[in-house]
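>>> Dropping a prediction and its sequence here:
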Amino acid sequence: SLRPGLKFGALGDSITRNTFTPTSRSQAALGDILAWTDRSWTSWATQQTDRLAFCDIYALEGYSGQRTDQILGSMLPSSAVFTVGATGNTFTIPLGIRARRPNYVFVMAGTNDVTQAVPVATGVANIRALWAAVKSAGSTPIAISLLPRNAPALFPENVPVWNAAIAAAAATDGVHFIDVYTNCDNGSGAFKSGWAYINGATD
């Protein structure tokens, strides 16, 4: 028998935002659209499930440069919509996690907290608030570890501490935790060669 696929969304900073082009102008007949990019990790992840799950492009909320507390404040309301189409021939689509209510939401946030020297306890408390917000929206959060970073220098020392704290909080809150750091780490806290998350580069 046929069954609907599980729908995934994502919440975070630029690493999430760069899974799609937020607003792009196509042909005049189409007007504004949302478009995938070749760096769409949420899409690639769900494609590995052999059609059991899919990524909802309208349920991706990524806020470039924002800390965990700012991401929480930027989450779209349940009434948020995206207008599609050319002038005089448009329609609206519900936009954001609260409006779309995907089954699961990847939550990947905190890298900007590290660069701004936010205390671990403060950042993790904010991440737990993000999980709570996702749950309140009717979705199940999935916690994702912070990634390595080639700069600044404080990352190799601090990110493992953050990831351990996020994992511990996830266990306390009953949130599934995925460690993406270990596979990407070159052993010194930076990305493996060719894996670096840099604008314009292949991940």
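Yes, it's here. On a predicted model such as this, the values are computed, not experimentally measured, just so you know.
>>> Do a quick rundown of the strands in the protein.
Taking DSSP state E to define them, one finds strands in the chain at 6-12, 20-25, 32-36, 53-62, 81-86, 89-94, 104-108, 140-144, 176-178.
>>> Need these in CSV (columns: distance to S43 and mean neighbour count).
Yep, even glycine has a C-beta here, placed from its N, CA and C like the rest. Listed next are these as CSV, based on distance: least, CB to CB, whole Å; neighbours: other CB atoms under 10 Å:
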stretch, distance to S43, mean neighbour count
strand 6-12, 9, 24
strand 20-25, 9, 13
strand 32-36, 6, 14
strand 53-62, 5, 22
strand 81-86, 18, 14
strand 89-94, 18, 12
strand 104-108, 11, 25
strand 140-144, 15, 22
strand 176-178, 16, 14
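>>> Of all these, which one is nearest A168?
Closest approach to A168 among the strands of the chain (CB to CB): strand 176-178, 9.1 Å.
>>> Give the other helices and strands that the closest one contacts.
Under the contact criterion of 3 or more CB pairs under 8 Å, 6 or more residues apart in numbering; DSSP states H and E, strand 176-178 touches strand 140-144, helix 155-173.
>>> Relative to its centre, which residue of this structure is most distant?
Relative to the centre of the chain, the most outlying C-alpha is that of G88, 33.4 Å out, by CA atoms, centre = their mean.
>>> returning to what we had before: ok, which of the helices and strands packed on strand 176-178 comes nearest L72?
The closest of the helices and strands packed on strand 176-178 to L72 is strand 140-144. By CB to CB, the value is 12.5 Å.
>>> picking that back up, if you compare the helices and strands packed on strand 176-178, which one is most tucked away?
Using mean count of other CB atoms under 10 Å, the stretch among the helices and strands packed on strand 176-178 with the largest mean neighbour count is strand 140-144, at a mean of 22.
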